[in-house]
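# how would this look folded up:
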Amino acid sequence: MSNINEDERDFMSVGGEVMLFTIDNAVYGIEVKYVNEIIGIEQITVVPKVPYYIKGVINIRGKVVPIISTRARFGKEEIPYDERTCIIVLEFDGGNQVGMIVDRVREVMVASPEEISVTPTHNNVNTSHYIKNIIENEDGIKLLLNCERLIMDL
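Residues are numbered from 1 along each chain as shown. Okay, here's the model as predicted:
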């Protein structure tokens, strides 16, 4: 376990609440501590000369929040939005917020330490380092995202 950081080790040892969402048929999770709110898709103002996965910005209660396409960030084909498409607004230390467009929000689960394992480091499984841990239970495998790396690499 020497190649995992302190935050990963802490989550693995105590577990915690995880918000689950889907992109295509894959189930991903975000630690609830990062989730500020979930909102429906709204008009996104396009910003020129930004990376392809940044869709633009929206105004949430007077604060301009960048919005990323999680599909594009993961190299998936974009699909039309529907009534279940939504934005998960994440908040980090310092009050910085970023919205992630996801196909579907599923539920909040509590991951126990027995269900959490280290992401494999071989065979290019996690070359982007966006996956923090793997959660496996009777409902299948969920990929817990490293929100800070996913967002801070913008």
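# any idea how far Glu136 is from Glu42?
According to C-beta to C-beta, to the nearest Å, Glu42 stands 35 Å off from Glu136. (Each C-beta comes from the backbone N, C-alpha and C, glycine too.)
# quick one, strands of this protein?
Taking DSSP state E to define them, one finds strands in the chain at 16-23, 26-31, 35-40, 54-60, 63-69, 86-91, 97-102, 104-111, 116-118, 131-137, 140-145.
# highest mean neighbour count out of those?
Of all the strands of the chain, strand 97-102 carries the top mean neighbour count, a mean of 23, counting by mean count of other C-beta atoms under 10 Å.
# off-centre distance for that strand?
8 Å (C-alpha atoms, centre = their mean, to the nearest Å).
# tell me the strands beside that strand, with direction?
Strand 97-102 pairs in its sheet with strand 63-69 (parallel), strand 86-91 (antiparallel), by DSSP bridges.
# could I get those strands in JSON lines, plus columns for mean pLDDT and distance to Asn36?
Output for the strands paired with strand 97-102, formatted as JSON lines (pLDDT from 0 to 100; distance: least, C-beta to C-beta, whole Å):
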{"stretch": "strand 63-69", "mean pLDDT": "96", "distance to Asn36": "9"}
{"stretch": "strand 86-91", "mean pLDDT": "96", "distance to Asn36": "4"}
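# what's the closest of the ones you listed to Val27?
strand 86-91 (13.9 Å; C-beta to C-beta).
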